[in-house]
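S.K.: next comes the sequence, and after it the predicted model I'd like to discuss.
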Amino acid sequence: MLEEEQPNLITVWSHDLTVEPGKTYRYRASVSLINPLFQRLILSPEQKEKQFHKLSLVSKPSAWSEPITVAPERHFFLVADSQQKQSVDVEVFTIFNGAWRSHRFNVRPGDTIGSNVTLGAGALETPIDLSLGYAVVDLDFDAIHNMDRGLERKTTEMLYMDLATGKLETRTVAGDHKHPDLIRLRLDQKLNGLQQQQQQQARSE
């Protein structure tokens, strides 16, 4: 049944302002309403006994929601390599002024990934800390990336460490090249750029 066909249906919105990026949550809700019979003088004996001193009416808790994972504040991808320079390029994405923006960092073993950069232009220039809390441990320019259908290709692999936990992780240029998140973020970035151009043209007309 459509909402407009249910005159007594009320849509309630709630927002969790305490979520942490990367964590997964489940929710259920109860609704509390002001009791229209609270301290009313004209009530039946039964109503007065049950409702006169009750300020609010609380619903039973709803069923638990499906798990909801909060997107991380930043994404990063291994996007280019240079065996001659013994370095790789890491592209870091973050939300800036309501849209995804990115910055590339050239790193070598021993470097931390990310630093303070300036995003925006002119009066909108803003310093942003894009430090990820990771450090490059090693680069392997002869790594093998397993592709679909059992195929393999040569690629560059970056070994990096989480500076907070000491955990080691790897990622490759070939693996990140077609990562769905990288494709989505670059498309969002492109569409946002086109929207800004259209807005600037509209203002100049």
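M.R.: On my side now, so go ahead. Residues are numbered from 1 along each chain as shown.
S.K.: and the residue lying farthest from the centre of the chain, what is it in contact with?
M.R.: Distance from the C-alpha centroid of the chain peaks at P45, with 54.9 Å (C-alpha atoms, centre = their mean). Contact analysis of P45 by C-beta atoms under 8 Å, 6 or more residues apart in numbering lists nothing. Where you see a C-beta, it was placed from the backbone N, CA and C, and this is true even at glycine.
S.K.: next one: phi and psi at it?
M.R.: phi -50, psi -40 (degrees, to the nearest 10).
S.K.: if I look at it, how far off is L57?
M.R.: P45 is 19 Å from L57, where distance means C-beta to C-beta, to the nearest Å.
S.K.: ditto for E157
M.R.: 60 Å.
S.K.: for R186, the count of nearby residues, please.
M.R.: Other residues lying near R186 total 16 when counted by other C-beta atoms under 10 Å.
S.K.: which element is it on?
M.R.: R186 belongs to helix 180-204 when assigned by DSSP states H and E.
S.K.: ok, L55 touching L33?
M.R.: No - using C-beta atoms under 8 Å, L55 is not in contact with L33; the gap is 10.1 Å.
S.K.: residues near the nearest residue in space to N146 that is not next to it in sequence, how many?
M.R.: Closest residue in space to N146, ignoring its immediate chain neighbours: E152 at 5.8 Å, by C-beta to C-beta, 6 or more residues apart in numbering. E152 is flanked by 10 other residues according to other C-beta under 10 Å.
S.K.: need the pLDDT of E152.
M.R.: Predicted confidence (pLDDT) at E152: the value is 83.
S.K.: same deal with the one 5 residues further on?
M.R.: In this prediction, E157 carries a pLDDT score of 96.
S.K.: how near is it to R40?
M.R.: For E157 relative to R40 (C-beta to C-beta), the value is 73 Å.
S.K.: measure the residue farthest from the centre of the chain to F52 for me?
M.R.: On the measure of C-beta to C-beta, P45 and F52 end up 10 Å apart.
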